[in-house]
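**Student:** mind folding the following:
(chains A, B and C)
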Amino acid sequence: MTRYIIRRLLQAIPLLFIISIIVFALIQVAPNNPIAALQNNPNITPQDLLRLEQEYGINDPLPLKYWKWVSQTVQGNWGDSFVTHRPVLTEIGERLPNTLYLSGIAFFLALLIAIPIGMISAIKQYSIFDHIVTTIAFMGQSIPIFWFGLVLIIVFAVNMQNPFAGTPLFPHPAPLPLFPGGGMTWLGEYPPEPLVDRIWHLVLPVTMLAVFQLAQHVRYMRAGMLDVLQMDYVRTARAKGLKERAVILGHVFKNAAIPLVTVIALEVPSLFNGALFTETIFSWPGMGRLFFNSADRGDYTVLMGILMISAFLIIFFNLIADIAYAFLDPRIHYD
Amino acid sequence: MLSLTWRHFRKHKLALVGMTILGLLVFGTIVIPWVTHYDPGKTSILNKYLSPSLDNLMGTDGLGRDMLIRSMDGGRISLLIGLLAMLLAITMGTAVGSAAGFYGGMIDNLLMRFADMMLTMPTLFVAILLTQLLRAGVIPFLSAGIAPIVLVVALTSWMGVARLVRASFLSLKEKEFVEAARMSGASNFRIIIRHILPNALSPIIVAATLRVGAAIITESGLSYLGFGVQPPTPTWGNMLKNAQAELDYAPWTAIFPGLLIFLTVIAVNYIGDGLRDALDPRHVD
Amino acid sequence: MSKRLFLLVVLVLVLLAVACAAPTAAPATSSSAASSQPASSSSVAPASSSAAPTAAPAAGPKKGGTVTMVAWQEPEHLNAELGTQTVLSHVFEFFGEGLAQTNDKGAWIPRLATEIPSTANGGVSADGKTITWKLRKNVKWHDGNDFTCADLQFTLQVIRTPNNGALDTSAFADLDALDCPDPNTAVLKFKNFYGAWIRLFNGVGVIFPKNAGKPEEMKTWAYNRKPVGTGPFKVTEFVTADHITLERNPSYWQDGKPYLDKVIVRIVPSSEVAMQLMKNSEADIMWNNTEADLPALEKMTNVALFSAPQSGGERLILNSTVPTDPSDNKTPHPILGDVKVRQAIAYGIDKKTIIDKLLYGKALPGSSELNVDPYNCTDIKAYPFDAAKAKALLDDAGWKAGADGIRVKNGVRLRLKYQTTTGNKLREDSQVLIVENMKAIGVEFFIENQPSSLLLGGWAANSPRKKGNYDILMYTTNAGIDPHTHMFNYFDSKSIPSPDFQGGVNYSRWNDPQTDQLVEKAGSIPDWPQRKDLYCQAAARVVDGATHIYLYQRYNLQSFNNRVQGWLATPWGGPAWNAADLWVK
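**Tutor:** From the prediction side, this is the model:
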């Protein structure tokens, strides 16, 4: 097993290099660059534009640009954003907590709700509960997520009022939306108490983010449970006289959870990437928007930073998923 | 086998509902714009933003165009993109997966490493970068129209199919009929295409059906961000993008295209579910 | 199975019910009758043209309060010498000041200076090459230091330091020296007469405090995140991508001002989100509204609109030379090389419908390049919508209608590529209307939009605009407060982009010796009314030549919640150009 792990980790290094080259080429061939926005400004003279292009190295040949980037990154210097002139790691470091905060909560909530629901749904297969759950789960996986976000905003932020406006809970006088249309905290006058404020701002984005995950996890949990419930050893356990609850929790759940565990491990890297749609619709200052803005401005040092970290996380968590799988299912082993 | 499959499928009521819905949509998107001689360039600016009524079942948009007909017109493009992207992804995935599964060894390693590598890049981000790239006109015939988005969606989704096909091939290639074919002198290529592939078809078909729904959602998401098909060609996705600004006073411009996407994807998913049940009786649901 | 089916049907019906109910549901926040918004510049009181802007409100400004401005562009940093984002220029109005400022009539008023230099008061020498600014005393930077002439010298040093990201270097190229005979007097000596001298340190070149940091390290100054200015508010907090907090400057040089305690700039990703916040009264100020926002704004009874006609406008730019060879800027375009064709297109466009229907009447028909005080060329008339005349011109030029209605000449179809930036609904809708107009006169426009970074990018990005590889473009541009740079860059033949001069921006390849003469002369004389006259003559020639077809002149639109008072509409600034005068009810 350890040999397998080491081998996988070693294989990751050339993989990351190749990915960095492909991605770098992808970014550079697009025409976006940090000073493109200046082309239309009436106050900037053509001479200044040319001088700035030189300064920013816009017209350097591709291999040179890559070499500059890779040699400094390998030494630990991830470069500066071309646009804000701050270190890439600072830019990422400022947004990452916001993203983890949002994605993390959505992730855990989705799991917390999905597991028991999936289990009960499987145990009570074909009941009304099961039917409702599977239908809703099905819909949750079919809905275009950004449309769902817009609908949430129309219903809760634009059309519904907060009945507690003016009370100590929400000191701001009416009219106040039921849930805010975006942001992490209330920035105007009469903010609510910090904890209330944060939760109030989390409700809609977390709902939007969690709906798809919830649907997916419920289906996986349920499918896993159904598979295992049919197994012989479950029948054996029941025949042995174990209480149903002990059977479920002790035997069935652990094995049914295996596919879910691997799916979860593979989802962890996306916590880092942030949910671009959610962040855009709810004005959340996170990683997704950082990527989007940087791509728009051709700020490739930031883009490379995000993509490399992301790639590394995916490779790492793929490995964790495989290890977890082997750990949980004694029939599997690698060498 | 086809009739057996069909019989199983028929039992799955929801799949039948799905087929009906999808059938109606496809029919609508082809027939309605044609029958009403729809001209997307024709504006009727006095009628802008009319709310849904008997004259305009889905209201009108900012240029006075009827939303129902426009949605059907856009739907045709969205469905076409979904279909083409799926076909391309399936073709690429099957080619890679079958080669990897059949030949094994070095080829398998290389191809799967390549697929893994593509999987290691965050899909949405890569899609955005790829679209920017294609739009810059790097490849002349792929810079406008629906070609870029079809390619981008396919390029970011073939890997799952490859894995599936590879798994099928890995198990199927040990079977006796392959041995028999080999002994009768069939070339590798022939064995793959004529002998193994037909047997590996079931998971591919299921994957294909589900891919269509996923492709439509991906296209609409990218269009929503501004990276999809450009107007004036309508698709459900770019109709949603335009509609976000109008949520307050003309919400029907946002609700209906989104609803249609939702219905299509549900229909397609139900069909895929039905197919999975019909083709693989061991699958428990 | 049938239970599931039933549930599915129920859910779908519920969804459809919601969908059908939504359009007719009245939003809870706005009341029934929408009040009409003032159509032209709204103001509380007129500003006097020679002194600093003052408000003379009826009820007297109240002190205190917090105002939230919503910014739908993410600020990269707050250093106006490093970047030119719109959001930056609007936030700057709260914390920064120049020596002078343009008021709503386009006239210059002194700000950090005590008066505007002129030949009359000796501030401008006879040959125009020496300018003397008298600086205001008792002005303090936000960190407590005094503002003196040494700060101007430091600023000049920073702008001239190579490779530090400074944007405005070439604007200061003609400045020979900046002397400080005493801490409150600055003497600028120019090598040659520089027509736009008044722009230096007022929009071109930000004044930095001399302790901002080392000139070569400007990109990494602490100033970039927490700028130090002399203005009515000081930046106290900048949380990336979320908000910027500004607080009242207690030692501001205008007595008794500012009235507000705090300003919060809230950062959101799109103008749609910004509109939602305005609607819910979560935000008080929104900048740069577009015409697309108008129907929603009209319905918001809690919001008042600041609107003033802006300079320049949205136009069609026609390529007068062949589109195929980037180095050939002489051979006329096979179709657009003929001025009659260009004029026909101008006559064939129904601007009024675009303005009334897409812009809700909040724009003026485009007439020429220079259309706002202080350089409003009122003599130049807009092309009227005259399809008959357009057809006559085309017939004259030898283009006869073919079988499908599109004109043909010598086997060539009158078919032109029509491009604008992607992702802009207003433009996309205008295109549809214009294509219809053209079809009616026998011209075929086909649409091929591209993202802004490509279409309007640089030479290396293969921008069609730069390389001349286009037929018709559509976008907005405008001259700044001094028209010289713009007129020279856009219409002088020396500004035509080519492989040897990739920085050129005379995109239409307009090559007219008389225009050259007019513009260059105007740039060499100090007398303003004469300069204006020459520029207007040049603009008139461009209009006749129809390489720029002016569609509409936009309004500078900003929106304010009703609780905010003291604001004044102007073409030359953002919502906070008189930030010190703003107060809340």
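
**Student:** tell me the contacts of the residue of the stretch 51-200 of chain A found nearest chain C?
**Tutor:** Residue nearest to chain C within the stretch 51-200 of chain A: A:His85 (3.9 Å; C-beta to the nearest C-beta). Any C-beta I mention is one placed from the backbone N, CA and C, and that applies to glycine too. By C-beta atoms under 8 Å, 6 or more residues apart in numbering or on different chains, the contact list for A:His85 reads C:77, C:82, C:165, C:219-220, C:224.

**Student:** and those residues, which is closest to B:Met67?
**Tutor:** C:His77 (43.3 Å; C-beta to C-beta).

**Student:** give the closest residue to C:Asn202 in space, chain neighbours not counted.
**Tutor:** Of all residues not flanking C:Asn202 in the chain, C:Gly98 sits nearest, at 3.7 Å (C-beta to C-beta, 6 or more residues apart in numbering or on different chains).

**Student:** what is the host helix or strand of C:Leu297 packed up against?
**Tutor:** In this structure, C:Leu297 sits in helix C:294-299 according to DSSP states H and E. Applying 3 or more C-beta pairs under 8 Å, 6 or more residues apart in numbering or on different chains; DSSP states H and E, one finds that helix C:294-299 contacts helix C:271-279.

**Student:** helices or strands next to the helix it packs on in the packing?
**Tutor:** Helices and strands touching helix C:271-279, by 3+ C-beta pairs under 8 Å, 6+ apart, are strand C:66-71, strand C:285-286, helix C:294-299.

**Student:** need the residues that contact the second one.
**Tutor:** What that stands for is strand C:285-286. Applying C-beta under 8 Å, 6+ apart, the external contacts of strand C:285-286 come out as C:67-70, C:72, C:274-275, C:277-278, C:558-561, C:564, C:575-576.

**Student:** interface residues of the stretch 1-150 of chain B facing chain A?
**Tutor:** The stretch 1-150 of chain B comes close to chain A at residues B:113, B:116-117, B:119-122, B:124-126, B:128-130, B:132-133, B:135-136, B:138, as judged by C-beta under 8 Å from any C-beta of the partner chain.

**Student:** please repeat the previous calculation with a cut-off of 6 Å.
**Tutor:** Contact residues (C-beta under 6 Å from any C-beta of the partner chain) of the stretch 1-150 of chain B with chain A: B:120, B:122, B:124-125, B:128-129, B:132-133, B:136, B:138.

**Student:** what are the buried residues along stretch B:194-204?
**Tutor:** Using 16 or more other C-beta atoms under 10 Å in any protein chain shown as the test for burial, stretch B:194-204 gives B:195-197, B:200-204.

**Student:** let me fix that, I meant to ask about stretch C:542-550.
**Tutor:** Counting neighbours by 16+ other C-beta under 10 Å, stretch C:542-550 gives C:542-543, C:545-550 as buried.

**Student:** hmm, stretch A:126-133 touching chain B?
**Tutor:** No - Stretch A:126-133 does not reach chain B (C-beta under 6 Å from any C-beta); its nearest approach is 10.8 Å.

**Student:** average pLDDT across that stretch?
**Tutor:** What stretch A:126-133 shows for mean pLDDT is 89.

**Student:** point me to the helix or strand that includes the residue in the stretch 451-585 of chain C positioned nearest to chain A.
**Tutor:** Nearest residue of the stretch 451-585 of chain C to chain A, counting by C-beta to the nearest C-beta: C:Gly503, 2.9 Å away. In the assignment (DSSP H and E), C:Gly503 maps to no helix and no strand.

**Student:** wait, A:Phe82 sits on A:Pro34?
**Tutor:** Yes - taking contacts as C-beta atoms under 6 Å, A:Phe82 lies within contact range of A:Pro34: 3.9 Å.

**Student:** now list whatever residues contact both of these two.
**Tutor:** Common neighbours of A:Phe82 and A:Pro34, using C-beta atoms under 6 Å, 6 or more residues apart in numbering or on different chains, are A:Asp299.

**Student:** who touches the closest residue to chain A within the stretch 201-350 of chain C in this structure?
**Tutor:** Closest contact between the stretch 201-350 of chain C and chain A, by C-beta to the nearest C-beta, is at C:Ala241 (3.3 Å). By C-beta under 6 Å, 6+ apart, C:Ala241 lies in contact with A:285, C:74, C:267.

**Student:** try 7 Å this time
**Tutor:** By C-beta atoms under 7 Å, 6 or more residues apart in numbering or on different chains, C:Ala241 lies in contact with A:95, A:285, A:289, C:74, C:267.

**Student:** B:Trp6 now?
**Tutor:** Applying C-beta under 7 Å, 6+ apart, no residues qualify as near B:Trp6.

**Student:** and it, which of the three is it?
**Tutor:** Secondary structure for B:Trp6, judged by DSSP: H, G, I helix; E, B strand; the rest coil, is helix.
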